[in-house]
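> take this sequence and fold it.
(one chain, ligands or ions: 1)
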Amino acid sequence: MTELPSPTRDPAVLKADLDRDGYCIAEGALDAGLRARAREIVDGRSRASRPAARPDADVDAWAIREGDRWVLLIAGECGLDALVTHPLALDLARHLLGRRVLLSGFTAHAVHPGNTAMDLHTDQWWLPKPTTPGDDPFRPGDITRSVRCFGRPEPSRRPINPAVVINVMWALTDFTAGNGCTRVVPGSHLSGAEPDPAVAWDAVDAEVPAGGAVIWDARAWHASGRNTSDAARVGISATYCGVQFRQLQNHALALRPDAFAGLSDEMRELLGFRLFSSYGATDDDEAMFARPGYLRA
Ligand SMILES: O=C(O)CCC(=O)C(=O)O
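Coordinates of the predicted model:
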């Protein structure tokens, strides 16, 4: 058996680990000042401001259960664009997804003392699976979190989907086996399958010192672990998706006009304001960037 990914600063090793095992671990990529600022911003976000649970039960039962661990951050406005545009994150995102990528979600993830492990899952469960002519097709509009193709974590012999999402989880604290670090099933990104939560799969602890990141291909089976320590494990997850996919957060609506006006072109592209062919246009389908209605003459 080859060695499993361990923390490294070498981009070539990170990419090789990501390709082979479906995850990699970056070491020392955040400077102490940025990490401290990020922690302050995450700690300052009040859970009380979270809207009440929504009624569409099927999709949201999961979100409600995990909700106490998630805080949605407003990219472009929350003071942490340096994480979104971090060269290491974008290099790995483009390695997996190609030249044009979007920021899908920007969320803080805390695992509090006493929190149990999440169920293993993938982060592109919503993507229709390849079908064979004559098979019952996956209708995109019928997919929910509970429609899952369970299987084993070994490489598939049949075609599978490419990765269309990558997750870069910045470690604001140490991530350890004792405090609920991310757990991954190595190689599961090549299975084309989802993990049956009733089975105890062999997941490994992706331990990472504070200031590093654990990065995974969205097809990899993963979850946060159980926190048996007396302090929270805190991370910020920047997920990126291919340019043609719906983003986890609605960045266009989230941003206040003054924040939108101050965005760099790089952030405007990452947040989804740059057109992809004509997709994403507002009033001019040949423009480089879409513009909001309030800026129209
Ligand atoms: O917090 C983690 O380590 C993993 C989070 C995760 O898998 C998720 O929120 O989908």
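> state the next helix or strand along the chain beyond the lowest-mean-pLDDT helix or strand in the chain.
The weakest-scoring helix or strand in the chain, judged by mean pLDDT, DSSP states H and E, is helix 57-66 (a mean of 45). Counting by DSSP states H and E, the element after helix 57-66 in chain order, helix or strand, is strand 70-72.
> give me the helices and strands touching that following strand, please.
When contacts are defined as 3 or more C-beta pairs under 8 Å, 6 or more residues apart in numbering; DSSP states H and E, strand 70-72 packs onto strand 101-111. (Each C-beta comes from the backbone N, C-alpha and C, glycine too.)
> how far away from the center of its chain is the strand it packs on?
Centroid separation for strand 101-111 versus its chain: 5 Å, with C-alpha atoms, centre = their mean, to the nearest Å.
> which strands and helices lie in contact with that strand?
Strand 101-111 is packed against strand 70-72, helix 81-84, helix 87-97, strand 233-242, helix 265-271, with contacts defined by 3+ C-beta pairs under 8 Å, 6+ apart.
> what about the longest helix anywhere in the chain, near the ligand?
Counting residues, the longest helix found in the chain (DSSP state H) is helix 32-44. No: using C-beta under 6 Å from any ligand atom, helix 32-44 stays clear of the ligand, with a minimum separation of 12.8 Å.
> give me the angle between that helix and strand 233-242.
Counting by axes from the mean of the first three to the mean of the last three C-alpha atoms, to 10 degrees, helix 32-44 lies at 100 degrees to strand 233-242.
> what residues of helix 32-44 count as buried?
Within helix 32-44, the residues that qualify as buried by neighbour count (16 or more other C-beta atoms under 10 Å) are 34, 35, 37, 38, 39, 41, 42.
> kindly report the same for stretch 289-297.
Quick answer for stretch 289-297 (16+ other C-beta under 10 Å): residue 290.
> before we move on, what about stretch 151-158?
residue 153.
> please apply the same query to stretch 177-192.
For stretch 177-192, the neighbour count (16+ other C-beta under 10 Å) marks 178-192 as buried.
> stretch 118-130 now?
For stretch 118-130, burial by neighbour count (16+ other C-beta under 10 Å) applies to 118, 120, 121, 122, 123, 124, 125, 126, 127, 129.
> wondering if stretch 201-218 reaches the ligand at all.
No: Stretch 201-218 stays clear of the ligand (C-beta under 6 Å from any ligand atom), getting no nearer than 7.3 Å.
> show me where the stretch 151-297 of the chain has helices.
251-254, 257-261, 265-271 (DSSP state H, counting those that start in this stretch).
> my read: residue 137 touches residue 143, true?
No: counting by C-beta atoms under 8 Å, residue 137 sits too far from residue 143 to count as a contact (11.2 Å).
> between these two, which is the more surrounded one?
More crowded of residue 137 and residue 143, by other C-beta atoms under 10 Å: residue 143, with 16 against 12.
> I'd like to know how far that one sits from the ligand.
With distances taken as C-beta to the nearest ligand atom, to the nearest Å, residue 143 is found 17 Å from the ligand.
> distance of the nearest residue to residue 14 once chain neighbours are set aside from residue 88?
Nearest residue to residue 14, sequence neighbours excluded (C-beta to C-beta, 6 or more residues apart in numbering): residue 24, at 4.4 Å. To residue 88, residue 24 is 10 Å away according to C-beta to C-beta, to the nearest Å.
> more neighbours: which of the two?
Neighbours were counted for residue 24 and for residue 88 using other C-beta under 10 Å; residue 24 has more, 26 against 17.
> looking at this, the more buried one is in a helix?
No: checked against DSSP: H, G, I helix; E, B strand; the rest coil, residue 24 lies outside a helix; its state is strand.
> picking up where we left off before, nearest to the ligand, of the buried residues of helix 32-44?
Nearest to the ligand out of those is residue 42 (C-beta to the nearest ligand atom; 12.8 Å).
> hang on, the closest one packs against residue 237?
No: counting by C-beta under 8 Å, residue 42 stays clear of residue 237, with 11.3 Å between them.
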